[in-house]
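>>> need coordinates for the below:
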Amino acid sequence: MLSLTLLLELSTAPAFAMTEQQSLVDDVWREVTKQYVDKTYNGMGEDGWRNQRLKAFQQVTKVGPNGYVETEVVYGVIRSMLSTLGDPYTRFLTPDQYESLTAYAKGTAVSKGGIGVQLMGDPATGKIVVLNVIPEGPAANEGMLPGDIIVSVNDEDIDGATADVVAAKCRGDMGSTVTLAIQHGGDGKPSGKIERVSLTRSKIVTKSVETSMFTTTDTNKKVGLIKVASFNQETEQLVMDALKELKKPYSAVVLDLRGNPGGYMPAGVDVAKLFLPPQARVISEVDKSGRAKVYVNDGVGSDTTMPLYLLVDQRTASASEILAAALQDNHRATVVGGARTFGKGRIQNIQGPLIDGSGIAVTKAKYMTPDGRDINGVGIIPDVKSCGSNDLPATCLKGLL
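A predicted model of the protein is given here:
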């Protein structure tokens, strides 16, 4: 139970000088309170959520002769406070994680070396799964594959850690070594055998958009292929450039979103607009008060008539699902895949930097597709179920053109 003294101190804020640790807790709590989409705070109510703040304050209040609380202890307290919301996407970001995530959204490089993987936490199992492995990167060179599960980093068990935390542990100084314990198996289903791999961190250069052409195997038609690996602030322009690069004549355009974990949400909306007619609805963003912000195409799309196909899999998530749902509901594209998409229908706002350079991701809204679907935890069902994660695009389109 909180002491009466502490409660009195907190209730008389003007006379109470917060420590830096308490200020950090308070900043995180207030940002969640302002933005979090679930106004019941996971059934706790406002009083219950306020009590979580008081509990966290007590845990970071001066202890020991020097009154110092270690940074990692403070971060752990904040994560415990946030965990009561029951939302894996509302999470605390250390300074390194905040730097990495904001650089990723901007399409810029981070200052540390990496191993060349994209990670995502599986909300069903709590495991950290490898979504993509960058060709010629350290992970790819050591045989890591999409679907691998990361068990430990440098012999530290990561059970319960978020993908951001694990990604930060994988980064480090250029040329330094990190040892992972992984389970192969594909699509997050472990083989049971744990393999240890040592990786030398290096500069990782990624291409979020790649363009090529291929010929269908059954009809010998030329098709333009645009592979979108992730979404950042540059993606819309890169897709526009890709459409210009495609060499005509071709019979259709394919957007390959397999293994795309999302990223910068507005980019998913903007890319959808490139293929939709004026005033077409893209998504509706619904906040904690129930107000809906409707995104519509406010211009003329770059390509609104060419036959369009989207390739998806169970690792297609977030911003890529926004794009897929918008084009599917507007009957603009045929969605092709072997399974439902990931099912992340919640939108986060990255807030920061906070007083120590850290940040917080807050689930600020849920999104509804143009037809009013909430795909969170459900995913998008492909129109045609004929394409695996590793199939060639020509194989996926067999019989469709």
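
>>> how close does the closest residue to residue 321 other than its chain neighbours get to residue 286?
In space, and not counting its chain neighbours, residue 321 is closest to residue 341: 5.2 Å by Cβ to Cβ, 6 or more residues apart in numbering. Using the backbone N, CA and C atoms, a C-beta is placed for each residue, glycine as well. Separation of residue 341 from residue 286 (Cβ to Cβ, to the nearest Å): 20 Å.

>>> residue 58 too?
The value you get for residue 58 to residue 286, if Cβ to Cβ is used, is 35 Å.

>>> could you do residue 224 as well?
35 Å.

>>> now residue 59
For residue 59, the distance to residue 286 - Cβ to Cβ - is 34 Å.

>>> the more surrounded of residue 224 and residue 286?
For residue 224 versus residue 286, neighbours defined as other Cβ atoms under 10 Å are more numerous around residue 224 (23 against 18).

>>> I'd say that one and residue 254 touch.
Yes. Counting by Cβ atoms under 8 Å, residue 254 is a contact partner of residue 224 at 7.0 Å.

>>> residue 52: what secondary structure?
On the three-state scheme (DSSP: H, G, I helix; E, B strand; the rest coil), residue 52 is labelled helix.

>>> surely it is in contact with residue 79?
No. Contact criterion Cβ under 8 Å: residue 52 and residue 79 do not qualify, at 11.9 Å.

>>> so between these two, which is more surrounded?
The residue with more neighbours, out of residue 52 and residue 79, is residue 52; 20 against 16, by other Cβ under 10 Å.

>>> give me the pLDDT value at that one.
Looking at residue 52, its pLDDT reads 96.

>>> grab the nearest non-local neighbour of it.
residue 81 (5.0 Å).

>>> element containing that neighbour, please.
helix 71-83 (DSSP states H and E).

>>> now for that helix, which elements pack on it?
Under the contact definition 3 or more Cβ pairs under 8 Å, 6 or more residues apart in numbering; DSSP states H and E, helix 71-83 sits against helix 20-35, helix 45-60, strand 91-93.

>>> ok, residues contacting that helix?
Residues from elsewhere that reach helix 71-83 (Cβ atoms under 8 Å, 6 or more residues apart in numbering): 21, 24-25, 28-29, 32, 52-53, 55-56, 59-60, 90-92, 94, 356, 358.

>>> re the thing from before, isn't the residue nearest to residue 321 up against residue 380?
Yes. In terms of Cβ under 8 Å, residue 341 counts as a neighbour of residue 380; the distance is 4.4 Å.

>>> of these two, which one has the most company?
Between residue 341 and residue 380, residue 341 has the larger neighbour count (other Cβ under 10 Å), namely 28 against 25.

>>> the more buried one: helix or strand, and which one exactly?
Per DSSP H and E: residue 341 is located in neither a helix nor a strand.

>>> what residues does it make contact with?
When contacts are counted by Cβ under 8 Å, 6+ apart, residue 341 is found next to 312, 313, 314, 316, 317, 320, 321, 324, 375, 379, 380.

>>> from those, pick the one nearest residue 271.
The shortest gap between residue 271 and any of these belongs to residue 320, at 9.2 Å (Cβ to Cβ).

>>> what residues sit buried inside the helix or strand encompassing that closest one?
Taking DSSP H and E as the criterion, residue 320 maps to helix 319-329. Of all the residues in helix 319-329, those buried under the rule 16 or more other Cβ atoms under 10 Å are 319, 320, 321, 322, 323, 324, 325, 326, 327, 328, 329.

>>> same thing with stretch 209-221?
Of all the residues in stretch 209-221, those buried under the rule 16+ other Cβ under 10 Å are 209, 211, 214, 216, 221.

>>> and stretch 385-394, how far out from the chain's middle?
23 Å (Cα atoms, centre = their mean, to the nearest Å).

>>> do stretch 364-376 as well
16 Å.

>>> let me see the mean pLDDT of it.
What stretch 364-376 shows for mean pLDDT is 94.

>>> next one: stretch 149-163
Computed over stretch 149-163, the average pLDDT equals 83.

>>> who's in contact with it?
88, 91, 119-121, 126-130, 165-166, 169-170, 178-183, 185, 188, 190, 194.

>>> which of those residues are buried?
Among the contacts of stretch 149-163, the ones that count as buried by 16+ other Cβ under 10 Å are 88, 91, 119-121, 127-130, 165-166, 169-170, 178, 180-183, 188, 190.

>>> mind checking which of the residues you listed are in strands?
Of these, the ones assigned to strands by DSSP state E are 91, 119, 120, 121, 128, 129, 130, 178, 180, 181, 182, 183.

>>> out of those, which comes closest to residue 263?
For these, the nearest to residue 263 is residue 120 (11.3 Å; Cβ to Cβ).

>>> domains of this structure?
With domains defined by automatic domain parsing, the chain comprises 18-87, 111-200, 209-346+362-396.

>>> what's the closest of those domains to residue 352?
Of all these, it is domain 18-87 that lies closest to residue 352, at 9.0 Å by Cβ to Cβ.

>>> quick check: end-to-end length of that closest one?
Separation of the first and last residues of domain 18-87 by Cα to Cα, to the nearest Å is 28 Å.

>>> cool, stretch 345-363 as well?
Note: stretch 345-363 ends 10 Å apart using Cα to Cα.

>>> and stretch 37-46, by the same measure?
Stretch 37-46: ends 13 Å apart by Cα to Cα.

>>> give the buried residues for it.
For stretch 37-46, by 16+ other Cβ under 10 Å, it's 37, 38, 41, 44.

>>> deepest of the helices and strands packed on helix 71-83, which one?
Each of the helices and strands packed on helix 71-83 was given a mean neighbour count from mean count of other Cβ atoms under 10 Å, and the largest, a mean of 25, is that of strand 91-93.

>>> fine by me, we can end here.
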